[in-house]
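> Quick one, structure for this:
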Amino acid sequence: MAIIKEISIKEDFIKLDAALKLAGFVSTGGHAKMMIQDGAVTVNGEVCTQRGKKLRLGDQAKFDGQTLKIVHAGS
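The predicted structure follows:
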């Protein structure tokens, strides 16, 4: 069973590169940028190469066998 890391946001969205960093999947924004541009990240099952992609409630991103899900703060 895959482990899903939940990222709580108070705003309407979080950018993909920031979410990867917040989840601890990458250590720097630069690393996130490279992985996203290399096509190593999927959002809701589709490869995403836009580091500024806006993730909203319920969205899931996968990288290197790890999954993050966007949830509302307080959920």
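
> and the closest residue to Cys48 other than its chain neighbours, what are its phi and psi?
Excluding the flanking residues, the one nearest Cys48 by Cβ to Cβ, 6 or more residues apart in numbering is Val41, at 5.7 Å. From N, CA and C alone the C-beta is placed, and that goes for glycine too. Phi and psi for Val41, reported as degrees, to the nearest 10, are phi -120, psi 140.

> Check Leu22 too.
With angles defined as degrees, to the nearest 10, Leu22 sits at phi -60, psi -40.

> ok so, going back, thought the residue nearest to Cys48 was touching Leu20?
Yes: in this structure, Val41 is within contact of Leu20 by Cβ atoms under 8 Å, at 7.1 Å.

> Please enumerate the shared neighbours of those two.
Taking Cβ atoms under 8 Å, 6 or more residues apart in numbering as the contact rule, the neighbours common to Val41 and Leu20 are 35, 61, 63.

> which one of the residues you listed has the most neighbours?
Within the shared contacts of Val41 and Leu20, most neighbours by other Cβ atoms under 10 Å means Ala61, with 24 neighbours.

> Tell me what it is bridged to.
Ala61 forms beta bridges with Val43, Leu68, as assigned by DSSP bridges.

> Tell me the pLDDT of it.
pLDDT recorded at Ala61 is 97.

> Make 540 the first number, not 1, from now on.
Noted, 540 is the first residue going forward, which turns the last one into Ala600.

> Check whether it really touches Gln589, as I assumed.
No: assessed by Cβ under 8 Å, Ala600 is found out of contact with Gln589, at 11.6 Å.

> does Glu550 sit in a helix, a strand or a coil?
coil (DSSP: H, G, I helix; E, B strand; the rest coil).

> now it: how far from Thr588?
23 Å (Cβ to Cβ, to the nearest Å).
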